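>>> Next come a sequence and a model predicted from it.
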Amino acid sequence: MTTWCSVSARSFDSSAMPTVTMIGGGQLARMTHQAAIALGQRLRVLAERPDDPAAQVTPEVVLGSHDDLAALRKAAVGSHALTFDHEHVPTEHLEALIAEGVNVQPPPSALIFAQDKLRMRRKLAELGVPIPAYTEVNSVADAVAFADEHGWPFVLKAVRGGYDGRGVWMPADAAEAAPIIEDQLAHGVSLMAEAKVDLKRELSAMVARSPFGQAAAWPVVETVQRNGQCAVVIAPAQDLSAAKATEAESLALRLAAELGVTGAMAVELFETHSGDLLVNELAMRPHNSGHWGMDGACTGQFEQHLRAVLDYPLGSTRPLAPVTVMANILGAPEAPEMSMDERLHHLSARIPEAKVHLYGKGERPDRKIGHINILGDDPAETREKAERAAHWMSHAIWTDGWDHHND
Ligand code: ADP
């Protein structure tokens, strides 16, 4: 007869594991929740609506606005760290939470440089980081003088609150610039002007850093933009010299340390035709340019963000394939009649290696409703497949003309 050693079973006490609060209930919080599940942690979200992408899947939802201090306080109670899926929480609210003992990561002293593009430009200039020429715009005359000096069209930006190209204009002449500037200033929007960079392509250098100061970089990726928003990411960026890749990674690590960033940070970069790298902007949270790593890196950005804000040792950022391509599923001009479920069914049959991430969002033109990751050996082939898969998911049309009825 076998005698079993008696070991008193200890049940898993989830309350002994950390709870992280994420402000914002979008897809970034939804995917952070997935990573929290794997780590045995709990993610509480402050969401605006019960049908926000993260609120649909997270049991601990506080409904409220990110600019309401009472809602922020409620979401923070008992959590081990408070972090963000967007950068719009007023810093004075974060200072108030810190004074009450909340562990805010990244701290507002760093976050301000992701919230305010003018503060960010001034800080980067002070640190000697290459950036486009810029100036503050308080009148049409300010902008015209700047563009006359640096060239038309120039780039006009809302200093705060822009995302996915909203809050960015490229007026060709003074007649086009004047009404935009007058209208924005009349609505209390602070503006700035930047020289339009003649760019070859856009890159992103992503890193994560913990409060202890440990930091890790993922390989630099290329981000392909369409209509002012990211459509495709190629990881790693192709045809980037090892020296340039190291320069970009080192710059991102240096910025994370100098600004006191914790959690994930994306440094969006412009590569010019002469091969120079200029910083476009900083995002201090998981970022679209890091979605590839969910399937394509040893540690993806959502897990790494949790590890970083909780001050755990960071995970390996090693890629798992020679190339990973992420393609966003962007809402079609008109949502197809075929249901999303049926589209997924056909995709699964045709491209079984496609890793699909859907955000639980309704379909609207150009809205980010999900993404596809494909790992491969050949960059062009992998990109074609990922873009074909994403286009199928948003339009129910195969770009190569394939028809499952005739196959
Ligand atoms: P958002 O905060 O909406 O992401 P960005 O400042 O990143 O706004 O600008 C959105 C896009 O506009 C960039 O990805 C880039 O394609 C283009 N852009 C922004 N600034 C410049 C610039 N100075 N020169 C050329 N293109 C620019």
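Perfect, I can see it now.

>>> Is any residue of stretch 362-374 near the ligand?
No - between stretch 362-374 and the ligand, judged by Cβ under 6 Å from any ligand atom, nothing touches; the nearest distance is 12.4 Å. Heads up, the C-betas are built off the backbone N, CA and C, glycines and all.

>>> The residue most central in space within the chain and the ligand, how far apart?
The C-alpha lying nearest the average C-alpha coordinate of the chain belongs to His287 (Cα atoms, centre = their mean; 1.6 Å). Going from His287 to the ligand by Cβ to the nearest ligand atom, to the nearest Å gives 10 Å.

>>> And for Glu202?
Computed as Cβ to the nearest ligand atom, the Glu202 to the ligand distance reads 6 Å.

>>> Same question for Ala231.
11 Å.

>>> Could you tell me which residues of the stretch 301-407 of the chain lie near the ligand?
By Cβ under 6 Å from any ligand atom, no part of the stretch 301-407 of the chain sits against the ligand.

>>> can you give me the strands for the stretch 301-407 of the chain?
Secondary structure of the stretch 301-407 of the chain, counting by DSSP state E, counting those that start in this stretch: strands at 323-330, 355-358, 368-376.

>>> ok so, going back, got the contact list for the closest residue to the residue nearest to the centre of the chain other than its chain neighbours?
Distances taken as Cβ to Cβ, 6 or more residues apart in numbering place Ala266 nearest to His287, at 3.6 Å, with adjacent residues excluded. Counting by Cβ atoms under 8 Å, 6 or more residues apart in numbering, Ala266 makes contact with 204-206, 282-283, 287, 289-290.

>>> Where do the helices of the chain begin and end?
27-38, 69-76, 91-99, 108-115, 117-126, 140-150, 174-186, 242-259, 293-296, 301-309, 340-350, 379-395 (DSSP state H).

>>> which of these is buried the deepest?
Ranked by mean neighbour count, those are led by helix 301-309 with a mean of 28 (mean count of other Cβ atoms under 10 Å).

>>> And it, how far out from the chain middle?
Relative to the chain's own centre, helix 301-309 is displaced by 13 Å; criterion: Cα atoms, centre = their mean, to the nearest Å.

>>> That one versus helix 242-259: what angle between them?
Counting by axes from the mean of the first three to the mean of the last three Cα atoms, to 10 degrees, helix 301-309 lies at 40 degrees to helix 242-259.

>>> one step back: partners of the residue nearest to His287 in the sheet?
Met206, Ala283 (DSSP bridges).

>>> ok so, going back, which of the strands of the stretch 301-407 of the chain sits closest to Ala237?
Closest to Ala237 of the strands of the stretch 301-407 of the chain is strand 323-330 (Cβ to Cβ; 10.1 Å).

>>> quick one: strands adjacent to the closest one?
If you go by DSSP bridges, strand 323-330 pairs up with strand 229-235 (antiparallel), strand 368-376 (antiparallel).

>>> Same list, those, but as a markdown table with distance to Asp183 and mean neighbour count please.
What follows is the strands paired with strand 323-330, written out as a markdown table (distance: least, Cβ to Cβ, whole Å; neighbours: other Cβ atoms under 10 Å):
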| stretch | distance to Asp183 | mean neighbour count |
| --- | --- | --- |
| strand 229-235 | 22 | 23 |
| strand 368-376 | 27 | 24 |
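
>>> okay, these in TSV with mean pLDDT next?
Converted to TSV, the strands paired with strand 323-330 look like this (pLDDT from 0 to 100):
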stretch	mean pLDDT
strand 229-235	97
strand 368-376	98
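
>>> neighbours around Pro18, how many?
Residues within reach of Pro18, counting by other Cβ atoms under 10 Å, total 17.

>>> what sits against it?
Neighbouring residues of Pro18 by Cβ under 8 Å, 6+ apart: 41-42, 79-81, 310.

>>> Give me every residue in the stretch 1-150 of the chain lying close to the ligand.
Within reach of the ligand by Cβ under 6 Å from any ligand atom, the stretch 1-150 of the chain has these residues: Pro132.

>>> and with 8 Å instead?
Counting by Cβ under 8 Å from any ligand atom, the stretch 1-150 of the chain comes close to the ligand at 117, 132.

>>> For whichever residue of the stretch 1-150 of the chain sits closest to the ligand, report the pLDDT, please.
Residue nearest to the ligand within the stretch 1-150 of the chain: Pro132 (4.3 Å; Cβ to the nearest ligand atom). At Pro132, the predicted lDDT confidence score is 98.

>>> I'd say it and Asp198 touch.
No - contact criterion Cβ atoms under 8 Å: Pro132 and Asp198 do not qualify, at 10.4 Å.

>>> which residues touch stretch 370-388?
Counting by Cβ under 8 Å, 6+ apart, stretch 370-388 makes contact with 232, 234, 238, 288, 291-292, 294-296, 320-329, 351, 353-359, 361, 389-390, 393, 398-400, all of which sit outside it.

>>> out of the residues you listed, which are buried?
Among those, the ones that count as buried by 16 or more other Cβ atoms under 10 Å are 232, 234, 288, 291-292, 294-296, 321, 323-329, 351, 354-359, 361, 389-390, 393, 398.

>>> Is it possible to get a markdown table of the strands of the stretch 301-407 of the chain that adds distance to Ala177?
Output for those, formatted as a markdown table (distance: least, Cβ to Cβ, whole Å):
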| stretch | distance to Ala177 |
| --- | --- |
| strand 323-330 | 29 |
| strand 355-358 | 39 |
| strand 368-376 | 29 |
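
>>> So for Ile98, which of those strands sits nearest?
Proximity to Ile98, assessed across these by Cβ to Cβ, is greatest for strand 368-376 (31.6 Å).
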